[in-house]
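[1] please work out how this folds:
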Amino acid sequence: MFTENSIGGCMASGGKKCFPQTDKGGKSVKRHNRSKETDRLDKPITVLYMIDTCILTPDGLSLRGGAEKQLYLLASSLDPEIFKPIVIQLSPANSLPVAAGNMGAVNLLHFPTRSFYSLQGLYQLIRICRLARRERVKIIHTFFEKSEVMGWLTARLSDIPVWITSRRDLGFNRKKIFKQIFRFTAPDCDRCVAVCHAVKDRVVQQERLAQEKIEVIYNGLDFSMYQHSSNGNALRNELGVDDNVQLVGMIANFNFEIKGHRYFMEAAKSVLKKVPDVEFLLIGDGPLRHQYEEMARSLGVDKKVHFLGSRSDVPIILPVLSASVLSSTSEGLSNVILESMAAGRPVVATRVGGNPELVIDGTTGYLAPPADHQTMAEAIISLLKDQDKATAMGAAGRKLVEEKFTVESMVKSYEHLYKSLTE
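    Residues are numbered from 1 along each chain as shown. Coordinates of the predicted model:
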């Protein structure tokens, strides 16, 4: 049970408690003691972001996860004359090294937290509440489960006027306890940002959140890394393959089976029966990698499937591919698909989550039913046998992402949302 003393004497201005109030029916009601007139005088608007992981390592490299990339792009691209972004990374102390300090206009902090319901979690909550009051935070924007709970408590205990939560996937890995917590906390949020309409629909169905509270904002992509094509000589020399051998690849971590690596390899086996001069690349790493290396051997495709591990040269690898594949059985809005299209590559993806919102079937690539390796193989074969069609689809995909999925468009949408909630 949290008390005023346990939160370091959390009191709003004028000596009023900053704890949740209730209406006559007992339903919690948010009370904001600052007047709107006072809020308007606070410039720039302080936005406090919270994420369970971290967005930067000490060497200055952003992490490869989709949410981390997007938060990095968003926080560093906001108009500094209007917004003051602070990012709290909750990544546990014994995980990857975490960067802290100033990143341009962004104040990057590390409050290592393994569990929000531990003594350490309470201590970090106290620190976050103090920070929020000191910095006069107007908006708290949370990413993932731990941040959602701690952000919700911070908003209530520190009387932050606006709380925005995020939904970035279909909830495939969400524990039952968090689903229950979210149903309780979600009505308190001012907005829920979904990365695509498929995720929005799932939130409406599962969390019973009003549709008008859910805002769809697509991911944005930095195109600067994809402006120059690669001839692929270095990669081909590394793999030991000739120029006449076509390459098909998939970029996905080996953390969860939902990435569908087994279907990719089963499709590879079917493709090789029709197109022998092709080899397959798997870029990514994780605890399941060894399992799939064994599977490649059992399928007899281990000589044709290359496990490349984590790579920092994905923008160089993508342009070399004849097709970029995503075989997930669950997906939010795939950054890999965006990156592949930005590189001018046709995409073969499963018809799940936000994939149909990115891939126009028959125009920028092909969509296949999830867990259907044969349909996926047929789509890959079609691209390998018709290079003109593959090139045209790649060009159409690049045009699409340049029109709809820019960083500028994403940031503009967030800035509009933030302004609308604080005016």
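[2] so where's the protein uncertain?
    1-42, 60-65, 172-174, 227-231 (pLDDT under 70).
[3] what count of nearby residues applies to the residue lying closest to Ile82 once chain neighbours are set aside?
    In space, and not counting its chain neighbours, Ile82 is closest to Pro44: 5.4 Å by CB to CB, 6 or more residues apart in numbering. Using the backbone N, CA and C atoms, a C-beta is placed for each residue, glycine as well. Pro44: 15 surrounding residues under other CB atoms under 10 Å.
[4] do I have it right that Ala371 meets Arg351?
    No. With contact defined as CB atoms under 8 Å, Ala371 and Arg351 do not form a contacting pair (11.0 Å).
[5] just to revisit the earlier point, the residue nearest to Ile82 touches Pro80, doesn't it?
    Yes. Assessed by CB under 8 Å, Pro44 is found in contact with Pro80 at 7.0 Å.
[6] outline the domain layout of this structure.
    5-220+407-422, 223-404 (automatic domain parsing).
[7] next SSE downstream of the longest helix anywhere in the chain?
    Using DSSP state H to define each element, the chain has its longest helix at helix 387-404. Heading C-terminal from helix 387-404, the first helix or strand you meet, by DSSP states H and E, is helix 407-422.
[8] just want the angle from that next one to helix 387-404.
    30 degrees (axes from the mean of the first three to the mean of the last three CA atoms, to 10 degrees).
[9] Ser382 - that's part of a helix, no?
    Yes. Membership of Ser382 in a helix is supported by DSSP: H, G, I helix; E, B strand; the rest coil.
[10] got a list of what the residue lying closest to Asp222 once chain neighbours are set aside touches?
    Spatial nearest neighbour of Asp222, excluding adjacent residues (CB to CB, 6+ apart): Val407 at 5.6 Å. Neighbour list for Val407: 73, 77, 220-222 [criterion: CB atoms under 8 Å, 6 or more residues apart in numbering].
[11] what of Asn102?
    Taking CB under 8 Å, 6+ apart as the test, what Asn102 contacts is Leu108.
[12] so it belongs to a strand, correct?
    Yes. Per three-state DSSP, Asn102 lies within a strand segment.
[13] related to what we said a few turns ago, contacts for the longest helix of the chain?
    218, 221, 223, 322-323, 338, 340-347, 358-360, 363-365, 382-384.
[14] next: stretch 264-283.
    With CB under 8 Å, 6+ apart as the criterion, stretch 264-283 contacts 239, 241, 244-252, 261, 292, 295-296, 299-301, 304-311, 314, 317, 321-322, 325, 327, 373-374, 376-377, 380-381, 384-385.
[15] just the buried ones from those, in PyMOL syntax?
    With 16 or more other CB atoms under 10 Å as the burial test, the buried ones among those are selected in PyMOL as follows:
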select buried, resi 239+241+246+247+248+249+250+251+252+261+292+295+296+299+301+304+305+306+307+308+311+314+317+321+322+325+327+373+376+377+380+381+384
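[16] of the contacts of stretch 264-283, which belong to helices?
    Per DSSP H, these map to helices at 239, 261, 292, 295-296, 299, 314, 317, 373-374, 376-377, 380-381, 384-385.
[17] out of those residues, the closest to Asp159 would be?
    Val314 (43.3 Å; CB to CB).
[18] residues contacting the closest one?
    251, 283, 339.
[19] recalculate using a threshold of 10 Å.
    64, 225-226, 249, 251, 283-284, 308, 336, 339-340, 343 (CB atoms under 10 Å, 6 or more residues apart in numbering).
[20] same check, this time on Lys179
    Counting by CB under 10 Å, 6+ apart, the residues that Lys179 touches are 145, 171, 206-207.
[21] same question for Val320.
    Residues in contact with Val320 (CB under 10 Å, 6+ apart) are 229-236, 239, 246-247, 249, 281, 343, 345.
[22] top of these by number of neighbours, please.
    Counting by other CB under 10 Å, top hit in those: Arg345 with 27 neighbours.
[23] what about the strands in the stretch 1-150 of the chain?
    21-22, 28-29, 45-51, 83-89, 101-103, 106-110, 139-143 (DSSP state E, counting those that start in this stretch).
[24] partner strands of the last one, with direction?
    Counting by DSSP bridges, the strands paired with strand 139-143 are strand 45-51 (parallel), strand 162-167 (parallel).
[25] next one: the fourth one
    According to DSSP bridges, strand 83-89 has the following sheet partners: strand 45-51 (parallel), strand 106-110 (parallel).
[26] who touches Lys419 in this structure?
    Counting by CB under 10 Å, 6+ apart, the residues that Lys419 touches are 45, 82-83.
[27] that one and Glu135, how far apart?
    Separation of Lys419 from Glu135 (CB to CB, to the nearest Å) stands at 19 Å.
[28] at the geometric centre of this protein, which residue do we find?
    Ala67 (2.5 Å; CA atoms, centre = their mean).
[29] got the contact list for that one?
    Taking CB under 10 Å, 6+ apart, we find Ala67 in contact with 51-53, 55, 143-144, 166, 168-169, 195, 219, 332, 335.
[30] among those residues, which one has the most neighbours?
    Ile55 (28 neighbours).
[31] I'd say that residue and Leu108 touch.
    Yes. In this structure Ile55 lies within contact range of Leu108 using CB atoms under 10 Å: 7.5 Å.
[32] overlap in contacts of the two?
    Common neighbours of Ile55 and Leu108 (CB under 10 Å, 6+ apart) are 49, 72, 75-76, 87, 89, 98-99.
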